[in-house]
Structure formats: structure tokens, C-alpha cells
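J.: the following comprises the amino acid sequence and a computationally predicted model.
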Amino acid sequence: MLVLETRGLSKIYGSKGKGKGIAVKALDDFSINVKEGEFVEIMGPSGSGKTTLLNILATIDSPSSGEVYIKGQNPHKLDKDDLALFRRKNLGFIFQDFNLLDTLSVKENIILPLVLEGRSQKEIEKKLMDMANILNIQDILNKRTYEISGGQQQRTACARALINDPSIILADEPTGNLDSKASMDLMESLETINRKRGATIVMVTHDAFAASFCN
């Protein structure tokens, strides 16, 4: 089953200055199919359009041309309210800079998507412990994000992205701010989640080490 399909995606950024300006083509006729349960790596050097692509897949940005389908639906054609619901149910995000909320504990950061969904406390606790065990963060659930290491912060971000069982997980250079040991721990965790839970993951990176964990 196809989870993600793109057809001829292009993105052109134009200068907002006076005169004709300079148009920059960040993405040019990009197409890909990703099946359920695949762990796909998209590699390229800095400036090759990786983050632009991921932002379009994540509906943070819109393509200049082409189409995106996630589980057969084009999220770029949804209105604001339907898009918010679509994101919450189908998309998990792992960012290079973690994007955790400092005012919340590790536990509160992880369960936030389930709280927004109105899930029961029993279900929330079960899913929380499941994710914490897989990612080996059981001992830090009550700590604040500024009290833990970068590797622990990224694994917390992974748990938050995964806890709602999204259709697809999108990861943007997730090892970019981690040392070699933390990178190894994170990639082994993602590989386990892909293998044991059948999670569909699309990751962009310039790192050959990270890419070696993918299908």
C-alpha cells in the first residue's frame, strides 16, 4: 500500500526586491513512491532542496507545481481546520532542533498529541510507557527538557512524533545536532521502530552513517 506519493514536485522561490528579481528553483520535478513500512532516506548536500521537500510533504510549505498524496489524499487541497486534523492523525515530525516545549516535562511533551486528541488517561499511560521503553527514556520522564542531553531530547521528540501512530514520520536531519554516540542510539531506535512496529519513515540527511540504517 502506498503511504506517500509525489508527482512532479517543483518549488521556485522568487526575490521580493525591486526589478525582475532572481528566481531560485529549490526543487525540480521530484517524484517518489513510499510504501507502508518502508524506511526511506533522501540524501543530498546542503542546498540541494532536502528541507524544502520535507516542508512540502509536511504541509509547512506549498509546491509551486506538482502534487502530494498521503494515503491517497492531497493535504494541500484541505481547508485550514481539515488540514490541522489531517496533520494530527497522519503526520509525525522529527526536527533537527528538537522543537520541545521547555515549560513541559519530558512526559508532558510526549503525550501532548494524545491530550489534544482527547484520549483516555489509561490509553495515554500505556502508549507513553510503550514509547519510553522502546526509546530508553523511562528514567527521564519527569525531568524538564533543559535537564537532559541532546540525545535524550531527540529521543523525546521521536516519542512525541510516534505516540499517535501516524501514517508517516518525517525526519529532517535528526542526527544533525547529536554526537556520534547519540546519533547511533537514535538511529538504532528508529530502525527498531520501523522493524517491530512497521512505522513508515522518510528521513532527509546528508549523513551517510544515518542513511546506512534505512531500507
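T.: That came in fine, so what should we check first? Residues are numbered from 1 along each chain as shown.
J.: ok, and for the helix-or-strand element of the chain with minimal mean pLDDT, which residues are buried?
T.: Within the chain, no helix or strand scores below helix 208-211, which has a mean of 87 by mean pLDDT, DSSP states H and E. Neighbour-count burial for helix 208-211, counted by 16 or more other Cβ atoms under 10 Å, picks out residue 210. Every C-beta, even on glycine, is put in place using the N, C-alpha and C of the backbone.
J.: with stretch 56-70 instead?
T.: 56, 57, 58, 59, 61, 63, 64, 66, 68, 69, 70.
J.: what's the closest of those residues to residue 133?
T.: Minimum distance to residue 133 across the buried residues of stretch 56-70 is 27.3 Å, recorded for residue 58 (Cβ to Cβ).
J.: ok, the closest one touching residue 95?
T.: No. Under the criterion of Cβ atoms under 8 Å, residue 58 is not in contact with residue 95, lying 9.8 Å apart.
J.: biggest helix in the protein, by residue count?
T.: Longest helix of the chain, by residue count under DSSP state H: helix 180-197.
J.: output that helix as PDB, nothing but the C-alphas.
T.: Output in PDB follows, covering the C-alpha atoms of helix 180-197 (Å, rounded to 0.1, in the frame of the first residue of the first chain):
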ATOM      1  CA  SER A 180      28.300  10.100  17.400                       C
ATOM      2  CA  LYS A 181      27.000   8.000  20.400                       C
ATOM      3  CA  ALA A 182      23.700   9.900  20.500                       C
ATOM      4  CA  SER A 183      23.300   9.500  16.700                       C
ATOM      5  CA  MET A 184      23.900   5.800  17.000                       C
ATOM      6  CA  ASP A 185      21.300   5.400  19.800                       C
ATOM      7  CA  LEU A 186      18.700   7.500  17.800                       C
ATOM      8  CA  MET A 187      19.200   5.600  14.500                       C
ATOM      9  CA  GLU A 188      19.100   2.200  16.200                       C
ATOM     10  CA  SER A 189      15.800   3.300  17.900                       C
ATOM     11  CA  LEU A 190      14.300   4.400  14.600                       C
ATOM     12  CA  GLU A 191      15.400   1.100  12.900                       C
ATOM     13  CA  THR A 192      13.700  -0.800  15.800                       C
ATOM     14  CA  ILE A 193      10.500   1.200  15.500                       C
ATOM     15  CA  ASN A 194      10.500   0.600  11.700                       C
ATOM     16  CA  ARG A 195      11.200  -3.100  12.000                       C
ATOM     17  CA  LYS A 196       9.000  -4.000  15.000                       C
ATOM     18  CA  ARG A 197       6.100  -1.600  14.600                       C
END
